[in-house]
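>>> Generate coordinates for the sequence data below:
(one chain, ligands or ions: 1)
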Amino acid sequence: MSSSTVLWASLRSSPSTGLRGHQKPLIPSSSVRRRWGGSCWDRGRKILCACTAPPRNWGDGPPSLDTYNSSISKNLGVGNDVRDEHDILIECRDVHKSFGDKQILRGVSFKIRHGEAVGIVGPSGTGKSTVLKIMAGLLAPDKQGEVFICGRKRHGLVSDEEISGLRIGLVFQSAALFDSLTVRENVGFLLYENSKMSEDRIAELVAENLAAVGLKGVEDRLPSELSGGMKKRVALARSLIFDNTKEVVEPEVLLYDEPTAGLDPIASTVVEDLIRSVHMKGEDALGKPGKIASYVVVTHQHSTIKRAVDRLLFLYEGRIVWEGMTHEFTTSTNPIVRQFASGSLDGPIKY
Ligand SMILES: Nc1ncnc2c1ncn2[C@@H]1O[C@H](COP(=O)(O)OP(=O)(O)OP(=O)(O)O)[C@@H](O)[C@H]1O
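Model prediction:
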C-alpha cells in the first residue's frame, strides 16, 4: 500500500466481529445507522482458528540468516525450525502471489510467534503490503503457498468459518475514520455491529480504549475535529476494542502498514511508542499491560525499525532474503541489506 496520505483505519476480523474495513461500515447498527444513510454492505466473514496460543517469551529469537542466496531464503523459517511450534500464530509457507502476469511473491515463508514484534522491510513495490493483506486474509495466495492460522490452514480469504480463536487487525496507513461518525461510534463500531452489549457498556469500553492510547474526552467529536495524530490514535483504539463479555478472548495480532510514513520525527516516535505500549510486553497509557499478542509492522523508516520491532524480515524480489534481530540489521554483511540500510545507490538493488 503506497498511499501518500498517512491515516489509520483498522480492519478487524474475528469470530464475533466479522470483517471490518477501512471502507464504509458494513451493516450499520441502530445508533450508527442514524448517521449512515447509505446502502447496506455485506457483513464480512470471519477469520478463525482453534488456538491456545500459549504465551511464550521468545528471548532473543533466531540467529540472523545473513545470506544473499534466494534459493536458501526460499525455506527460511520453515521446516528447519526446532523451536516449539505451539506458539506460532501465523505462518506463511511458500506463498506465491501474482497480479495478472506480474509475479510479486515467489515463495515467501515465515512464522509469527506469540509475543513477537516483527518488522517487514524491503524496497518499494516488493510486496510488503501484499504480504500483510495475505496474512489478514484479504488476499489469497496463488495455488502455490499456504497460510496457517494457529496451525490450521486457511482456505481462501477471511471466510474460514470452521477456524476460530485468533483476531487479526490491519491498521492501514491510508483510509480514514468514518467521517460522518463520532469518535465514539468509530471506536465502538465493531461492538455496535456485532455484540449484544448495551450502548452504555460500549461507551464505557470506548472511553477505556481511548484512554489506553492517551485520549480522553474526545468521544463526541467528529474526525474532522481531530488532528492527524489524534486520528491515528482513534484508529488504533478502534483496532484494540473487543467484546470482553465473551467467555474466551482470543489473542490478537495487529498488522500495521507503514504507520509512520510521512510523519515528522517526533510524531513518529509517539506512534512507535504507542505501538509498543499496546503490545503484551508494553504498558498502555493507563499503566495496564497491552492487549496485543504480536504485531507486524511494514515500514521504511529507520526509527520505526529501531524503536518498534525486535525482529526483521527483509523482502526482496518476492522472497524473504534475510531475517534477523533488529540490532543485526545495520551490521549485516548481506549486500542487499547493507545497501538498503545505508541508502546507497551501489549494490544489487536497482531503481
Ligand atoms: N490489487 C492489485 N492489483 C494489481 N497489482 C497490485 C495489486 N496490489 C499490489 N499490486 C502490485 O504489486 C506490487 C507490490 O505492491 P505492494 O503494495 O505489496 O508493495 P510494497 O512493498 O508494499 O510497496 P511500497 O513499499 O511502495 O508501499 C506493486 O507493483 C503493486 O503495483
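>>> in stretch 320-327, what counts as buried?
For stretch 320-327, the buried set under the neighbour-count rule, 16 or more other Cβ atoms under 10 Å, comprises I320, V321, W322, E323, G324, T326. Bear in mind the C-beta positions are built from the backbone N, C-alpha and C, glycine included.
>>> So which of these are in helices?
T326 (DSSP state H).
>>> Around the ligand, pick out the residues from the stretch 51-200 of the chain.
F99, I104, S124, G125, T126, G127, K128, S129, T130 (Cβ under 6 Å from any ligand atom).
>>> Beyond the helix or strand bottoming out on mean pLDDT in the chain, next helix or strand please.
Lowest mean confidence among the helices and strands of the chain (mean pLDDT, DSSP states H and E): helix 70-73, at a mean of 34. Sequence order places strand 88-99 as the next helix or strand after helix 70-73, per DSSP states H and E.
>>> hang on, K143 in a helix?
No - applying DSSP: H, G, I helix; E, B strand; the rest coil, one finds K143 to be coil, outside a helix.
>>> what number of residues lie near it?
Other residues within reach of K143, judged by other Cβ atoms under 10 Å, total 6.
>>> quick one: pLDDT of the nearest residue to Q301 once chain neighbours are set aside?
Spatially, and ignoring its direct neighbours in sequence, Q301 is nearest to T260 (5.1 Å; Cβ to Cβ, 6 or more residues apart in numbering). pLDDT recorded at T260 is 80.
>>> ok, which stretches of the stretch 51-200 of the chain are helices?
70-73, 128-136, 183-187, 189-194, 199-212 (DSSP state H, counting those that start in this stretch).
>>> roughly how far apart are D257 and K350?
25 Å (Cβ to Cβ, to the nearest Å).
>>> Just want to know which of the two has more residues nearby.
Neighbours per residue, other Cβ under 10 Å: of D257 and K350, the larger number sits with D257, 26 against 6.
>>> Thought L170 was touching the more buried one, still the case?
Yes - D257 lies in contact with L170 (Cβ atoms under 8 Å); the separation is 7.0 Å.
>>> Can I get stretch 101-108 in PDB, CA atoms only?
The C-alpha coordinates for stretch 101-108 follow below in PDB (Å, rounded to 0.1, in the frame of the first residue of the first chain):
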ATOM      1  CA  ASP A 101       1.200 -11.700 -15.400                       C
ATOM      2  CA  LYS A 102       3.200  -9.800 -12.800                       C
ATOM      3  CA  GLN A 103       4.700 -12.200 -10.200                       C
ATOM      4  CA  ILE A 104       5.100 -10.400  -6.900                       C
ATOM      5  CA  LEU A 105       5.700 -13.100  -4.300                       C
ATOM      6  CA  ARG A 106       7.800 -16.100  -5.300                       C
ATOM      7  CA  GLY A 107       7.900 -18.300  -2.200                       C
ATOM      8  CA  VAL A 108       7.500 -16.300   1.000                       C
END
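>>> List the buried residues in that stretch.
Neighbour-count burial for stretch 101-108, counted by 16+ other Cβ under 10 Å, picks out I104, L105, R106, G107, V108.
>>> Among those, which are located in strands?
Among these, the members falling in strands (DSSP state E) are I104, L105, R106, G107, V108.
>>> For S98, see how far away the second one is.
Counting by Cβ to Cβ, the separation of L105 from S98 is 8 Å.
>>> and of the helices of the stretch 51-200 of the chain, who's closest to G282?
Closest approach to G282 among these (Cβ to Cβ): helix 199-212, 10.6 Å.
>>> Check the offset of that closest one from the chain's centre.
22 Å (Cα atoms, centre = their mean, to the nearest Å).
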